[in-house]
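Asker: Here is a sequence with its predicted model. Questions after.
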Amino acid sequence: MDIPQSLIDTLCTSERVAVLTGAGISAESGIPTFREAQTGLWAQYNPEELATPGAFRRNPRLVWEWYQWRRGLVAKAQPNPGHLALAVMEAQVADFTLITQNVDGLHQRAGSRNVLELHGNLTRDKCFERGCVLEAGEQLAGSPPRCPHCGGYLRPDVVWFGESLPEEALHCALQASQNTQVFLSVGTSAIVHPAASLPEYALGVGAVVVEINPAETPLTQRATYVLQGPAGEVLPQLVRAVWPD
Ligand code: OAD
């Protein structure tokens with residue numbers, strides 16, 4: 001793919017860069033996205049119908065087991081060249097903010113330091129009734145297990161549809177999007193708000209907005225640049241073009 005020279009020049013001279021990532025950046029690590037066809041055991045379920053408090057109330061075992069399956073995939077997965085390229089970018093840009101909707105922790109495993117997790121993290125549990133957060137890696141029996149503090153069901157510490165986002169992370173993400181010179185939207189269908197509003201805020205303040213995605217999204221027509229392709233190929237190429245050594 002040809003990266004436009006004007007984009008290389010802009011990134012080269014930008015001090016403030018914000019990046020929003022979605023499930024697409026982890027697709028090449030073998031973690032299925034939300035809105036593309038699911039395969040295997042879980043193909044019959046719609047993830048949007050599993051990731052809700054109502055679904056958990058109706059069938060806690062089903063929702064818990066779906067997350068256990070996703071946890072298994074994440075544990076076996078490795079960060080891919082797209083995650084690694086963003087860690088390199090962080091080291092090159094003075095003021096760099098990585099905002100993710102992903103709950104898989106692969107950005108941190110790739111070496112990214114400042115990651116704003118808008119939708120929580122799959123490696124932690126909290127209890128459904130009171131929200132007591134457990135230490136990551138604490139293994140308890142049950143499907144789902146019970147909270148050792150209050151006896152309620154445990155659930156993954158992720159944000160479900162209909163729930164609020166972590167306030168501090170959302171606040172920092174909004175600020176970064178409204179202060180940035182360049183905003184990259186990577187591997188997200190750009191339809192779930194409030195994350196989907198972030199590139200709009202960036203456009204509103206005159207930032208250069210770049211979309212990296214093999215498919216079209218509602219952002220495609222509005223983005224300043226569209227680099228159509230898989231993040232694991234496009235991001236390393238972009239980083240090499242802007243910071244060759
Ligand atoms: P989606 O599954 O909605 O979208 C994934 C996007 O990644 C699509 O636009 C794909 O075209 C794109 N994609 C696929 N492979 C790619 C690749 N190799 N490189 C780059 N892009 C690729 O996932 P999200 O946009 O992350 O929320 O979904 C947003 C939120 O909705 C999720 O965080 C989750 C979900 O339901 C909650 O659970 C609250």
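Answerer: Structure's in. What do you need?
Asker: alpha carbons only for contacts and neighbour counts from here, please
Answerer: Noted.
Asker: Is the longest strand belonging to the chain in proximity to the ligand?
Answerer: Among the segments of the chain that qualify as a strand by DSSP state E, the longest is strand 120-127. No: using Cα under 6 Å from any ligand atom, we find that strand 120-127 stays clear of the ligand, coming within 8.9 Å at best.
Asker: got the CA coordinates for that strand in CSV?
Answerer: Below are the C-alpha coordinates for strand 120-127, written out as CSV (Å, rounded to 0.1, in the frame of the first residue of the first chain):
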residue,chain,number,x,y,z
GLY,A,120,-12.6,-2.8,31.0
ASN,A,121,-10.4,-5.9,31.0
LEU,A,122,-11.2,-9.5,30.6
THR,A,123,-8.5,-10.7,33.0
ARG,A,124,-10.2,-9.3,36.1
ASP,A,125,-13.5,-10.3,37.7
LYS,A,126,-15.9,-8.3,39.8
CYS,A,127,-19.1,-9.3,41.5
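Asker: helices or strands next to that strand in the packing?
Answerer: Strand 120-127 sits against helix 60-76, strand 154-158, with contacts defined as 3 or more Cα pairs under 8 Å, 6 or more residues apart in numbering; DSSP states H and E.
Asker: Need the winner for burial among these.
Answerer: strand 154-158 (a mean of 24; mean count of other Cα atoms under 10 Å).
Asker: Neighbouring strands - and their directions - for it?
Answerer: Using DSSP bridges, the strands paired with strand 154-158 are strand 120-127 (antiparallel).
Asker: tell me the average confidence for the partner strand?
Answerer: Per-residue pLDDT values over strand 120-127 give a mean of 91.
Asker: Repeat that for stretch 97-116.
Answerer: On average, the pLDDT along stretch 97-116 is 97.
Asker: got the residues of this protein near the ligand?
Answerer: Proximity of the chain to the ligand, by Cα under 6 Å from any ligand atom, involves residues 22-25, 27-28, 33-36, 48, 51, 101-102, 119, 159-161, 186-190, 192, 213-215, 230-231.
Asker: at 5 Å what do you get?
Answerer: Residues of the chain lying close to the ligand by Cα under 5 Å from any ligand atom are 22-25, 33-35, 101, 160-161, 187-189, 213, 215, 230-231.
Asker: All set now, cheers.
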